[in-house]
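*Asks:* Provided below are the primary sequence and the corresponding predicted coordinates.
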Amino acid sequence: QVRFVESGGGLVQAGGSLGLSCTASGTTFNNRHMGWYRQAPGKQRELVARIRTGGITYYADSVKGRFTISRDNAKNTMYLQMNSLKPEDTAVYYCNDIALATIVGTWGQGTQVTVSS
């Protein structure tokens, strides 16, 4: 069974930085276009950043220039470096295969990121 496990969340002050990791079990990253998503209280889950198998990246306007997505296929791990964090970045962050994002049962527990003002 494919599972993605997120880690690295925490509490940080506005302007600070956090690094998230996403590891895969039961599968490999090599052939997957992957994404980082987040869901804030009372809001729908949204795509934050994605990275294709060839390394091409996309960022939501709200995080462009502050967040960096990367992947290490040899380690079966994807990363999200978050700098200049804002209170509005507070959310549960998830990772998933882009192709699986509409399937309910494919989501992990996520990792909580809280940015205090």
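*Replies:* Noted; the coordinates are in hand. Residues are numbered from 1 along each chain as shown.
*Asks:* List phi and psi for the one residue sitting closest to the centre of the chain.
*Replies:* Among the residues of the chain, the one closest to the centroid is Trp36, at 2.7 Å (Cα atoms, centre = their mean). Here is the backbone geometry of Trp36 (degrees, to the nearest 10): phi -100, psi 130.
*Asks:* now do Ala99
*Replies:* Residue torsions, per degrees, to the nearest 10, at Ala99 are phi -70, psi -20.
*Asks:* still on that earlier bit, which residues does the residue nearest to the centre of the chain bridge with?
*Replies:* Legend: beta-bridge partners of Trp36 under DSSP bridges are Ala49, Cys95.
*Asks:* Surely it touches Arg50?
*Replies:* Yes. If you go by Cβ atoms under 8 Å, Trp36 and Arg50 touch, sitting 7.4 Å apart. All C-beta spots, glycine's among them, are computed from the backbone N, C-alpha and C.
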